[in-house]
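1. Build me a model:
(one chain, ligands or ions: 1)
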Amino acid sequence: LSDAAGTLYETDVLIIGAGAGGLFAALSAKRNGPPGTRVILLDTATVGRAGHTVFSNAGTIVAMPDDDLEAVVQEIVVGNDGIADQYLVHDVLFESFDRVRDLEELGVEVLKEKNGGYARSATRGLDQTRKIFPMGGGLEMAWKLRQGLEALGVTFLNRFFVTGLMKAGGDRVVGAVGVSARTGAFAAIRARVTIVATNSVTFRPGFARDITGTGTLLAYEAGATLRNAEFSYARPGTPNFYFEGITDAVQDGAHWTNQHGERFMLQYEPEWGDEADVPRVSRAMALEHQKHNDPLYLDMSGIPESTRAGYMENKVPWMALFYKKLGEEARTNMFGRTPYYPMNQMTKMGVRTDRACRSDIPGLLVAGLAQAGCANHFAGFHLTMANGTGWIAGRTAVEELESTPVPKLDRTEIASFQAELNATVDASAAESSDQLLRKVQTVMLACDVALWKSAKRLQDALVVIRELAAEAETLRAPHAHEYVRLVETKAMITAAQIVLEASLFRTESRLAHLREDYDFRDDDDWLAWVDVTQNDGRPRLSKTAIPTPLCDVRATTASPIKRVVKGAL
Ligand SMILES: Cc1cc2nc3c(=O)[nH]c(=O)nc-3n(C[C@H](O)[C@H](O)[C@H](O)COP(=O)(O)OP(=O)(O)OC[C@H]3O[C@@H](n4cnc5c(N)ncnc54)[C@H](O)[C@@H]3O)c2cc1C
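-> Numbering: from 1, shown residues only. Coordinates of the predicted model:
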C-alpha cells in the first residue's frame with residue numbers, strides 16, 4: 001500500500017485473536033508447518049496478556065491416556081443436551097493430554113499431588129471427567145505460550161483491531177484489514193490462510209474483561225455460517241465480588257433465598273434444590289423476578305467458620321489480590337446475604353466448521369470459543385476446546401498452504417474498508433458508544449429476554465435492537481479508541497439480532513435456551529443446530545440435524561440430567 005493508504009503485511013498464516021485458541025493455533029502452525037512458515041498472531045490487546053484466557057483459572061478438562069475416553073466424550077456430549085459436534089469433541093479430548101505436555105515443555109507448571117501425579121478435580125455437572133490446573137492460571141499459561149512463540153519466530157501485532165476480512169472479489173478469504181487500536185493507523189494483511197480466534201460475543205456484562213469477540217461477526221459478513229446463537233453461558237452473578245465457588249458453597253450449607261427468606265429452589269427443582277446446575281438456578285431466579293420476589297440471595301451465613309478461609313483464597317494471583325484488596329468487606333459480603341442476579345455472561349454463538357476447523361469459506365478457519373463445537377462448556381471445557389481447536393486449526397492451516405498460492409489483493413476492496421474508517425472517524429464527534437451499549441445491555445441482559453424467553457418478549461426486544469442498529473449508523477468516533485468501541489458495539493447489535501431471531505426459531509427449551517412458551521425439551525424436532533447466514537444484509541435461519549455417530553443423546557428422563565459433584569467449582 002502507499003504510505004497514505006497504510007501498511008501492508010504479508011504472511012502465510014494470519015491468526016486473529018491471541019487467547020488460548022490463537023496462541024495454540026500459532027504454536028501448531030509453527031510446529032506442524034515446514035521451516036520458514038510465516039505466522040502473524042495479532043490482538044487488540046498485547047499478545048500474552050489478552051483475552052478471557054489470561055483472566056481464567058485455567059482449570060482444564062483433560063482425558064489422560066489411562067482414562068476411559070469414550071465415557072468422557074459421552075458425558076460431555078450428553079451434558080451438552082446433544083448440541084455438540086461429536087467428532088470434534090472426541091478429537092479435542094483425544095489430543096488433550098498432548099496439549100498439557102505442550103504447556104509443560106514451555107515451562108508451565110501443572111499442579112501435582114505429593115506422589116507426583118497430576119492433581120485432578122471434578123467439575124460441576126460431570127461425573128467421570130476431571131480437570132488439571134496450570135499453576136498461575138491463564139495469565140502464566142498465556143505468557144509462557146507467548147515466550148515459546150517468540151522463540152519459534154511468530155510475528156506479533158499488538159494493539160491491532162481487525163475490522164474486515166478481505167476476499168478480493170472472489171470466494172476465498174485472503175487476509176484482513178484493521179487499525180492500530182492506539183493510533184488508528186490503517187493496515188492490510190495479506191494471508192494465504194486466516195484463522196479467526198476472537199472468542200464469542202459478550203454484551204459486556206462485567207465478566208472480568210471488557211472485551212467482546214467480534215471475529216465471529218466478521219466471518220459472518222464474509223459469508224460463514226453461525227450457530228448456537230440461542231445459547232449462552234448463564235449463571236448467577238453478584239456485582240460485589242468475583243466468585244467461582246457457588247457449587248462448593250451450596251454443598252457446605254449455603255442456600256438460595258428470596259427477599260422473604262424463602263428457599264425458592266425447592267419449588268422449581270424439587271429433585272436438586274439448591275444443588276441444581278447454574279442455568280437451572282438462573283431460570284428459577286428469573287421466575288422469582290417475575291413474581292417480584294427479588295432481591296435474591298446466596299445466603300452463605302450457614303457455612304461453618306472453620307471452612308470460610310478457603311473461600312477467600314485463590315491460586316490465581318489477580319483473584320487473590322482482588323480479595324486481599326476488598327479485605328474484611330469481602331468477608332462481610334460473602335458470608336452475609338449477598339444479592340445475586342441471573343446473568344448472561346456470554347453468547348455461545350460461534351462459526352460452523354468441519355472437524356478440521358474449516359469454515360464454509362475457503363481460506364478461513366476458526367479456533368477457540370469463536371468456533372461452534374458445543375453449546376455448554378462446563379467449568380473447564382472452555383479451555384479444552386480453545387486449546388484443542390487452536391491446535392487443529394493451526395495444523396489444517398499449514399496443510400492448506402500446500403495447495404494455496406499467494407493471493408492477489410483487490411485495491412478497490414481495501415480502499416472501501418479504508419473509506420468506511422475515514423467516514424466513521426470525525427474529531428469533532430462526541431464519544432457515544434457507551435450510551436449505545438447501555439441501551440443494548442438494557443435489552444440483552446434483561447433476564448426475561450436473555451434467560452427466560454417468550455415469543456412476545458423476544459419480538460419486542462428485536463424491535464428495539466433494530467432501532468438501535470439504525471441509531472448506530474448515525475454515530476461517529478472522535479479517535480481510534482472510540483472507533484474500536486463503536487465497531488464492537490455495532491457487532492454486538494448485529495449479534496443481538498441473530499441471538500433474538502435464533503431464540504425465536506428454536507421452539508423448545510434446552511441448556512440455557514429457556515422458553516416460557518415452550519418449556520420442554522423436544523428431541524424429535526430439535527436435535528438440530530440453528531444455522532444463520534447473511535442474506536441481503538439480514539440473518540437467514542435454517543435447521544441442520546445433528547449427526548450422532550458416537551453417542552446417543554436423546555433424553556431418557558423429562559428432568560434435566562445434571563449431577564453436582566463435591567469439590568467442583
Ligand atoms: C474469570 C474467568 C475465569 C475462567 N476460568 C476458566 C477455567 O478455569 N477453565 C476454563 O476452561 N475456562 C475458564 N474461563 C473461560 C475461558 O477463559 C475462555 O472461554 C477461553 O479462554 C476462551 O479462549 P479464546 O481464545 O476463544 O478467547 P479469548 O481468550 O477471549 O481471546 C480472544 C481474543 O480475541 C481478541 N479480539 C477480539 N476481537 C478482535 C478483533 N476484531 N481484532 C483483534 N483481536 C480481537 C480479544 O482481544 C481477545 O484477546 C474463564 C473465563 C474467565 C473470564
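2. Is Thr11 within a helix or a strand, and which one?
-> strand 7-16 (DSSP states H and E).
3. meant to ask about Asn344
-> Using DSSP H and E, Asn344 falls in strand 337-347.
4. Distance from the chain centre to that strand, please.
-> Computed by Cα atoms, centre = their mean, to the nearest Å, the chain-centroid distance of strand 337-347 equals 17 Å.
5. near the ligand at all, that strand?
-> No - Strand 337-347 stays out of contact with the ligand when judged by Cβ under 6 Å from any ligand atom, the minimum separation being 7.8 Å. The C-beta positions use only the backbone N, C-alpha and C, and glycine is treated the same way.
6. hmm, back to that, could the C-alpha coordinates of the strand holding Thr11 be exported in CSV?
-> Extracted C-alpha coordinates of strand 7-16, given in CSV (Å, rounded to 0.1, in the frame of the first residue of the first chain):
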residue,chain,number,x,y,z
THR,A,7,0.9,-0.6,5.8
LEU,A,8,0.7,-3.9,4.0
TYR,A,9,1.9,-7.0,5.9
GLU,A,10,2.5,-10.4,4.3
THR,A,11,2.1,-13.8,5.9
ASP,A,12,1.3,-17.5,5.2
VAL,A,13,-0.9,-17.9,8.2
LEU,A,14,-2.8,-15.0,9.9
ILE,A,15,-4.3,-15.6,13.3
ILE,A,16,-6.8,-13.0,14.7
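7. What strands flank that strand, and is each parallel or antiparallel?
-> Each strand paired with strand 7-16, and its direction, by DSSP bridges: strand 39-42 (parallel), strand 186-196 (parallel).
8. Next, format those strands as CSV and append mean pLDDT and distance to Gln435.
-> Formatted as CSV, the strands paired with strand 7-16 follow (pLDDT from 0 to 100; distance: least, Cβ to Cβ, whole Å):
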stretch, mean pLDDT, distance to Gln435
strand 39-42, 98, 29
strand 186-196, 98, 27
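9. Looking at the ones you listed, spot the one closest to the ligand.
-> Evaluated with Cβ to the nearest ligand atom, the strands paired with strand 7-16 place strand 39-42 nearest to the ligand, the distance being 5.8 Å.
10. hmm, the very next helix or strand once past the closest one in reach of the ligand?
-> Downstream of strand 39-42, the next assigned helix or strand under DSSP H and E is helix 51-55. Yes - under the criterion of Cβ under 6 Å from any ligand atom, the ligand is reached by helix 51-55 at Gly51, His52, Thr53, Phe55.
11. ok, for the first one, nearest residue in space, not its chain neighbours?
-> Yep, that's Gly51 we're talking about. Gly19 (3.0 Å; Cβ to Cβ, 6 or more residues apart in numbering).
12. Kindly present the strands paired with strand 7-16 as TSV, with separate columns for distance to the ligand and mean neighbour count.
-> Shown next, in TSV, are the strands paired with strand 7-16 (distance: least, Cβ to the nearest ligand atom, whole Å; neighbours: other Cβ atoms under 10 Å):
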stretch	distance to the ligand	mean neighbour count
strand 39-42	6	27
strand 186-196	9	27
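13. residue ranges of the strands in the stretch 451-569 of the chain, please?
-> Secondary structure of the stretch 451-569 of the chain (DSSP state E, counting those that start in this stretch): strands located at 452-453, 514-515, 528-535, 538-545.
14. Among the residues of helix 51-55 next to the ligand, pick out the one closest to the ligand, please.
-> Nearest to the ligand among the residues of helix 51-55 next to the ligand, with distances taken as Cβ to the nearest ligand atom, is Gly51, at 2.5 Å.
15. ok, the closest one touching Asp43?
-> Yes - with contacts counted by Cβ atoms under 8 Å, Gly51 reaches Asp43, the gap being 7.3 Å.
16. which helices and strands does whichever helix or strand comes after the strand holding Asn344 pack with?
-> Downstream of strand 337-347, the next assigned helix or strand under DSSP H and E is strand 350-351. Helices and strands touching strand 350-351, by 3 or more Cβ pairs under 8 Å, 6 or more residues apart in numbering; DSSP states H and E, are helix 215-221, strand 226-227.
17. Please work out which residues outside the last one touch it.
-> This points to strand 226-227. Contacts to strand 226-227, defined as Cβ atoms under 8 Å, 6 or more residues apart in numbering, come from residues 216, 219-220, 349-352, 372, 498, 529-533, 544.
18. mind running it again at 7 Å?
-> Strand 226-227 is contacted from outside by Thr216, Tyr220, Met349, Gly350, Val351, Arg352, Ala372, Ile498, Trp529, Val530, Asp531, Val532, using Cβ atoms under 7 Å, 6 or more residues apart in numbering.
19. I'd like the average pLDDT over it.
-> Average pLDDT, strand 226-227: 98.
20. Moving C-terminal from it, which element do we reach first?
-> strand 232-237.
21. Touching that next one from outside, list them.
-> With contact meaning Cβ under 7 Å, 6+ apart, strand 232-237 is reached by 246, 278-279, 281-282, 285, 298, 340-348, 450-451, 512.
22. helices or strands up against the lengthiest helix in the chain?
-> If you go by DSSP state H, the chain has its longest helix at helix 480-505. For helix 480-505, the packing partners by 3 or more Cβ pairs under 7 Å, 6 or more residues apart in numbering; DSSP states H and E come out as strand 175-180, helix 215-221, helix 433-444, helix 455-474, strand 528-535, strand 538-545.
23. These: which one's closest to the ligand?
-> Proximity to the ligand, assessed across the helices and strands packed on helix 480-505 by Cβ to the nearest ligand atom, is greatest for helix 215-221 (5.2 Å).
24. What is the neighbour count of the residue of the stretch 301-450 of the chain found nearest the ligand?
-> Closest approach between the stretch 301-450 of the chain and the ligand, counting by Cβ to the nearest ligand atom: Gly368, at 2.6 Å. Applying other Cβ atoms under 10 Å, we find 38 other residues in the vicinity of Gly368.
25. Now for it: which residues touch it?
-> Gly17, Gly19, Ala20, Gly21, Gly22, Ala197, Asn199, Ala386, Thr389, Gly390.
26. my guess is the third one meets Gly388, correct?
-> It refers to Ala20. No - using Cβ atoms under 7 Å, Ala20 is not in contact with Gly388; the gap is 9.5 Å.
27. who has more neighbours, the two?
-> Ala20 (34 against 30).
28. in the stretch 401-550 of the chain, which segments are predicted with low confidence?
-> Within the stretch 401-550 of the chain, no range satisfies pLDDT under 70.
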